[in-house]
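Trainee: Give me the fold of what follows.
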Amino acid sequence: MEVGCGSLSRRGFMDRSLATLTIGAGLPLWYAREVLAAQQEKESTVRKASRRGPNDQIVMGAIGVGGQGTGIMKWAKGKPGVKFVAVCDVDGDHRKKGAKEIGKDCHQYADFRELLANEKLDAVTIGTVDHWHALTAIAAMKHGCDVYSEKPLCLTIDEGKAMVKAARKYDRVFQTGSQQRSDARYRLACELVRNGRIGKVHTVEARIGDNPVGGPFPEVAVPEGLDWNFWKGPTADVPYVKERCHYEFRWWYEYSGGKMTDWGAHHNDIAQWGLGMDSSGPVSVTATGVTPSKKPNSYNCHPHFAVTYGYENGARLITTSDGENGNRFIGDRGWIFVNRERIEASDPKLLEEPLPRNAHRLYKSDDHMGNFMDCIHSRKRCICNVEVGYRSVSVCHMGVIALRLGIPLTWDPIAQDFVGPRAEKGNAMLSREMRSPWRLEV
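Mentor: Residues are numbered from 1 along each chain as shown. All right, here's what the predicted structure looks like:
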């Protein structure tokens with residue numbers, strides 16, 4: 001009787017799990033069964049990992065523990081065998097809150113260089129503002145740390161090149177925080193597209209939303225506990241404006257790329273995945289947009305925009321502020337739309353029919369942070385490793401450059417720079433001068 005009850009209980013659990021994946025996540029039944037099987041296998045692996053000895057423990061530090069930085073730190077902290085010992089942030093309030101999440105023995109640092117010099121770490125999470133990603137990640141890799149860095153990977157294309165070089169030079173595991181790669185809906189969409197389910201793809205839409213408009217904002221006193229000079233770091237020395245800092249930094253080209261590098265780092269990444277362009281990219285880019293504010297101390301990212309990329313195979317990617325947030329793949333036999341809430345197609349049969357046994361299947365991960373931890377142990381490359389993160393964010397930065405210059409540009413994905421007419425103007429924006437004493441060194 002006990003065996004029967006256990007069997008029924010197990011069956012009920014399986015049925016509920018399938019219902020969650022099919023109804024809640026919108027996955028077709030055949031794919032939900034695959035995902036559930038993979039999750040069960042993963043759970044078995046996690047149970048084994050929980051029995052690892054002290055020599056297998058991953059000792060970590062967190063660099064940047066504001067909103068998202070604390071989120072990824074807590075995510076990593078919840079994985080078996082992970083121990084955080086230190087946090088770092090230029091904002092004292094962030095440091096205190098981050099340390100509280102770790103516990104009384106957590107060490108606090110205002111300077112990431114001191115954290116790396118004083119702590120014996122296996123890995124770090126990086127949740128800083130965008131213009132600090134490259135410098136902190138490269139420094140961590142030099143100190144022998146594996147890195148989980150929030151997206152977008154970098155502030156400039158040349159920073160991304162340097163991060164790739166550093167990861168290979170120091171043989172580090174690197175995960176870019178474009179976590180949609182570990183979402184079953186996105187993997188299904190890309191697998192179907194890669195296997196010709198919608199025919200030859202001619203258009204991909206990455207719908208990422210408008211940039212906000214605001215300002216001029218007043219210059220005010222720097223809040224107690226915030227090292228404003230360190231926050232600016234390699235960027236220009238400017239007076240403190242509250243709306244430049246913390247979450248709102250995204251809407252200033254000095255520190256980010258607006259929605260193009262915020263949501264674009266997610267949806268352009270999925271476009272690259274679906275098109276099979278993880279080691280390549282587009283060959284042309286044109287952009288139109290509403291002129292941003294020229295007033296001082298105002299948000300200066302283009303409020304409304306459309307960027308069109310051309311690929312050598314004839315496909316085009318349109319990254320736009322129009323439409324419902326998500327990705328739409330359009331082929332000569334139909335379309336597939338996917339976002340974080342659902343996946344749908346022009347004909348439901350495009351989703352409902354299972355892929356054949358000989359279909360091309362993609363890297364499978366259903367837990368982005370878990371994949372990072374697995375790769376730390378195995379030394380394999382993560383699903384969104386540094387090369388993938390670099391290629392995807394390069395697409396975003398090309399779009400920003402085309403928007404800001406207002407001219408069409410031609411890109412060489414092998415040489416990884418602009419070529420042809422107007423190339424000089426585009427290449428001048430592949431990097432930015434860093435304020436002393438900061439330098440990009442691998």
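
Trainee: And for stretch 121-129, what's in contact with it?
Mentor: Contacts of stretch 121-129 from elsewhere in the structure, counted by C-beta atoms under 8 Å, 6 or more residues apart in numbering, are 58-66, 68-73, 76, 85-86, 132-133, 136-137, 140, 143-150, 173, 231, 246, 249, 255-256, 372, 376. Yep, even glycine has a C-beta here, placed from its N, CA and C like the rest.

Trainee: rerun that using 6 Å as the cut-off
Mentor: 58-64, 68-69, 72-73, 76, 136-137, 140, 145-150, 249, 255 (C-beta atoms under 6 Å, 6 or more residues apart in numbering).

Trainee: swap in stretch 434-442?
Mentor: With C-beta under 6 Å, 6+ apart as the contact definition, stretch 434-442 has outside contacts at 162, 165-166, 233-234.

Trainee: just how off-centre is stretch 104-111 within its chain?
Mentor: 26 Å (C-alpha atoms, centre = their mean, to the nearest Å).

Trainee: Sorry, slip of the keys, the one I care about is stretch 386-394.
Mentor: Remark: stretch 386-394 is offset 9 Å from the chain centroid, using C-alpha atoms, centre = their mean.

Trainee: May I have that stretch as CSV, with CA atoms only?
Mentor: The C-alpha trace of stretch 386-394 is given here as CSV (Å, rounded to 0.1, in the frame of the first residue of the first chain):
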residue,chain,number,x,y,z
VAL,A,386,32.2,35.7,-22.4
GLU,A,387,32.5,35.2,-26.2
VAL,A,388,28.7,34.9,-26.5
GLY,A,389,28.1,37.9,-24.2
TYR,A,390,30.6,39.9,-26.2
ARG,A,391,29.1,39.1,-29.6
SER,A,392,25.6,39.9,-28.4
VAL,A,393,26.4,43.2,-26.7
SER,A,394,28.4,44.2,-29.8
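
Trainee: Strands of the stretch 1-150 of the chain, residue ranges please.
Mentor: For the stretch 1-150 of the chain, the strands defined by DSSP state E, counting those that start in this stretch occupy 58-63, 82-88, 107-109, 123-126, 146-149.

Trainee: quick one on the thing from earlier: mind checking which of the contacts of stretch 434-442 land in helices?
Mentor: Among those, DSSP state H puts 162, 165-166 in helices.

Trainee: Quick check on those: which are buried?
Mentor: Neighbour counting with 16 or more other C-beta atoms under 10 Å marks 162, 166 as buried within those.

Trainee: Could you point out which of the ones in helices among the contacts of stretch 434-442 is nearest to Cys384?
Mentor: Ala166 (16.7 Å; C-beta to C-beta).

Trainee: Report the separation between that closest one and Ala140.
Mentor: Plainly put, Ala166 is 9 Å away from Ala140 if you go by C-beta to C-beta, to the nearest Å.

Trainee: Which phi and psi values does Arg181 adopt?
Mentor: Phi and psi for Arg181, reported as degrees, to the nearest 10, are phi -60, psi -20.

Trainee: burial count for it?
Mentor: The burial count assigned to Arg181 is 26, neighbours taken as other C-beta atoms under 10 Å.

Trainee: now do the one 3 residues further on
Mentor: The burial metric for Ala184, expressed as a neighbour count using other C-beta under 10 Å, is 22.

Trainee: hang on, it packs against Leu36?
Mentor: No: under the criterion of C-beta atoms under 6 Å, Ala184 lies out of contact with Leu36, with a separation of 9.9 Å.

Trainee: Quick check: neighbours shared by these two?
Mentor: Residues touching both Ala184 and Leu36 (C-beta under 6 Å, 6+ apart): there are none.

Trainee: What residues does the residue most central in space within the chain make contact with?
Mentor: The structure's the chain has its C-alpha centroid closest to Ser178; by C-alpha atoms, centre = their mean the separation is 2.6 Å. Contacts here follow C-beta under 6 Å, 6+ apart; on that basis Ser178 touches 151, 265-266, 269, 384.

Trainee: Report the backbone C-alpha coordinates of stretch 248-258 in PDB.
Mentor: Once non-C-alpha atoms are left out, stretch 248-258 reads as follows in PDB (Å, rounded to 0.1, in the frame of the first residue of the first chain):
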ATOM      1  CA  GLU A 248      18.800  55.600 -13.500                       C
ATOM      2  CA  PHE A 249      22.400  55.500 -14.900                       C
ATOM      3  CA  ARG A 250      20.900  53.400 -17.700                       C
ATOM      4  CA  TRP A 251      19.400  56.500 -19.500                       C
ATOM      5  CA  TRP A 252      22.800  58.300 -19.900                       C
ATOM      6  CA  TYR A 253      25.100  57.400 -22.800                       C
ATOM      7  CA  GLU A 254      28.000  58.200 -20.500                       C
ATOM      8  CA  TYR A 255      27.400  55.100 -18.400                       C
ATOM      9  CA  SER A 256      25.200  52.800 -20.600                       C
ATOM     10  CA  GLY A 257      23.400  52.500 -23.800                       C
ATOM     11  CA  GLY A 258      19.800  52.900 -22.700                       C
END
